[in-house]
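**Student:** got a sequence here, can you build the structure:
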Amino acid sequence: MDSNSTSDPSPARLISAAAELAPLIRAEAAAGEEARSVPSVVIDAIRDAGLFRLAQPKRFGGLECDHPTILRCLMQWSPADASTAWVAGLAIMHQWMIALFPPQAQEDIWNENPNAITFGSYAPAGKCAAVKGGFRITGTWLYASGIDHGDWGLLGAAMPQEDGSVAAGFVIVPKSDFRVEKTWDPMGLAATGSNDVVCDDVFVPGHHAITFQQLASGAAPGTQINTNGIYRYPLLSFIAYCIASPAVGCLEGALAQFIEQTGDWVTRGAVVRGGAKVAEYQSVQIRVGAAAGALRAAKAMMYTQLDASHQTVMIEGGILSAAERLDNRITQAYIVRLALEGLDELWGAVGGAGILKTEYIQRAWRDAHAIAHHVSFNWDALTSMYGQHLLGLEPQGQY
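**Tutor:** Residues are numbered from 1 along each chain as shown. Below is the predicted model:
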């Protein structure tokens, strides 16, 4: 771990340490997209800076950072490359999730390798059978972002219970127990390397499993030993920000790039007079202003809601209510929507050069639109759920 981060783990120092990695992330972004995986040099740099430990328990060498600080660190990387921020955010988030597993699972993972990071797939795919001492799993899990870099795999499972019921949740398995199939070839977020994970009749000890209900309770098994308030957050009130915020970063990076390029940009005269400064066209000014407004709105909404949850959980020592969890969910969906609106404004003004693969803006546009297709941000589902809540009905969906 970077000694400066260790000796001064203040929010300001950690955010600064994250910002110092942005040039490397930006420089490696094209190579990551080509390889359809975040370059190892980037993963190693984040690990060496100690930033995968932001949400890891202190008893294993972690920092137990508050969630607003973690998101501000991720927002140093998102404008450079959304895929890197997406993968790094999940690695950090999964440290937090492991801290909620039974204590023995945490020791199995971090006593052997305190720097271990975890990736996986959340949908309860494959088959899960109850056996003595735990479960046996077989099947294929899709969209496992970052799995090439993972020491452990976090996999969704429908786990049979002793009373005959089935509980959805997660199991965690070492990389020696699964194989990765290289299937990832998307239009956006290419460098996330969201390949398939395959398990063939793998035994999972019972203490390597946790249910969604336990994760949402604020009193998961791991909170017996990890008492910091960050471990009382409901799952979706944290994790979905880690994969929504890269869309906001896409807009931030695209706006900065567009403004920089437009300063010296003149027309060639094919449609309008040649040699005219693009920045002087009112239509361009309108689009830049609209994109900047969308960015300001998205960041303000995100940080305001993060700080509100922080106040409830960390300052007041409470548990987020259903209403507060729903506020987080609509915020996560809406900041992605605002990012798309801003990027679409810029996209309408980039001209023919903007479609070249060497241009940052086209990648940012593709990455943000890929983020918007994630099930966690389905606009119709989340606005309907939020509307149900406001109308006094039982919200139907995940919050």
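**Student:** looks to me like residue 136 is in a helix.
**Tutor:** No: counting by DSSP: H, G, I helix; E, B strand; the rest coil, one finds residue 136 to be strand, located in no helix.
**Student:** tally up the residues packed near the closest residue to it other than its chain neighbours, please.
**Tutor:** Once flanking residues are discounted, residue 136 sits nearest to residue 129: 5.1 Å by Cβ to Cβ, 6 or more residues apart in numbering. Quick note: C-beta positions are derived from backbone N, CA and C, even for glycine. Per other Cβ atoms under 10 Å, the neighbour tally for residue 129 reads 11.
**Student:** and for residue 384?
**Tutor:** Burial of residue 384 is recorded as 14 neighbouring residues (other Cβ under 10 Å).
**Student:** which SS class is the residue nearest to residue 136?
**Tutor:** State at residue 129, reduced to three classes by three-state DSSP: strand.
**Student:** quick one, phi psi at residue 120?
**Tutor:** phi 180, psi -160 (degrees, to the nearest 10).
**Student:** end-to-end on stretch 158-172?
**Tutor:** Terminal residues of stretch 158-172 lie 13 Å apart, using Cα to Cα, to the nearest Å.
**Student:** residues near residue 303, how many?
**Tutor:** Residues within reach of residue 303, counting by other Cβ under 10 Å, total 17.
**Student:** was I right about it contacting residue 67?
**Tutor:** No: applying Cβ atoms under 8 Å, one finds residue 303 not in contact with residue 67, separated by 10.8 Å.
**Student:** need the CA coordinates for stretch 72-80. PDB is fine.
**Tutor:** Extracted C-alpha coordinates of stretch 72-80, given in PDB (Å, rounded to 0.1, in the frame of the first residue of the first chain):
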ATOM      1  CA  ARG A  72     -15.300  10.900  -5.000                       C
ATOM      2  CA  CYS A  73     -12.300   8.600  -5.500                       C
ATOM      3  CA  LEU A  74     -14.100   6.800  -8.300                       C
ATOM      4  CA  MET A  75     -15.000  10.100  -9.900                       C
ATOM      5  CA  GLN A  76     -11.300  10.800 -10.300                       C
ATOM      6  CA  TRP A  77     -11.100   7.800 -12.700                       C
ATOM      7  CA  SER A  78     -14.500   7.900 -14.500                       C
ATOM      8  CA  PRO A  79     -13.600  10.800 -16.800                       C
ATOM      9  CA  ALA A  80     -10.400   9.100 -17.800                       C
END
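**Student:** please consider this matter closed, and thank you.
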